[in-house]
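Attaching a predicted model along with its sequence, questions to come.
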Amino acid sequence: MIRVVLDTNTLVSAVINIKSSVASEIYQNFKEKHFLLVISPLILTEIYDVLHRDKVMKFHHRSTEELQEVINELTSISYVVPGKTKVIVVRDPDDNKIVSAALEGQVDYIVSRDRDLLDLKEYKGIKIITPEEFMGVLRSKN
């Protein structure tokens, strides 16, 4: 099974654009077990924090309880790694947690729109691609 780390923005986009985005399509594929999502506590915390920002809450209109359900779902059906591997490979230090989780989870892909990550293209055999490119990968496997 394909192993993947989705960056925070991709996961937040999936929650905000419930049915009408590539991120949502990826999330639906995840829920249908077409790939294994690898995630760390640091990524989960960041998702929780971003989803609770006032400007983001205006888009999704979900209660704190509903957002906690999203986090619980992510935790229960993902492969959670510690996220403690120290890496310093990305221009934006906040993005290193994504690479750390990818290394610990031995993933095939990091999926992101973040230019700092995408500019790497690949790290230690892990391909770094956009959500659209990842949907192409999923379609070719099914």
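Yep, that arrived.

what helices or strands is the one helix or strand residue 66 maps to leaning on?
Assigning secondary structure by DSSP states H and E places residue 66 in helix 64-77. Judged by 3 or more Cβ pairs under 8 Å, 6 or more residues apart in numbering; DSSP states H and E, helix 64-77 is in contact with helix 8-16, strand 36-39, helix 41-51. C-beta here means a position set from N, CA and C on the backbone, and glycine is covered the same way.

Let me have the ones you listed in TSV, adding distance to residue 120 and mean neighbour count as columns.
Output for these, formatted as TSV (distance: least, Cβ to Cβ, whole Å; neighbours: other Cβ atoms under 10 Å):
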stretch	distance to residue 120	mean neighbour count
helix 8-16	16	22
strand 36-39	17	22
helix 41-51	17	18
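
rank those by pLDDT, which is bottom?
Lowest mean pLDDT within the helices and strands packed on helix 64-77: helix 8-16, at a mean of 90.

Now do that one: everything it contacts.
6, 21, 23-24, 26-27, 43, 46-47, 50-51, 56, 59-60, 62, 67, 70, 74, 98, 111-114, 131 (Cβ atoms under 8 Å, 6 or more residues apart in numbering).

change it to 6 Å
Outside helix 8-16, the residues that touch it by Cβ atoms under 6 Å, 6 or more residues apart in numbering are 21, 23-24, 27, 46-47, 50, 59-60, 70, 111, 113, 131.

Pipe the residues you listed into TSV and attach distance to residue 125 per row.
Shown next, in TSV, are the contacts of helix 8-16 (distance: Cβ to Cβ, whole Å):
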residue	distance to residue 125
21	28
23	25
24	28
27	25
46	25
47	26
50	29
59	36
60	35
70	31
111	16
113	22
131	21
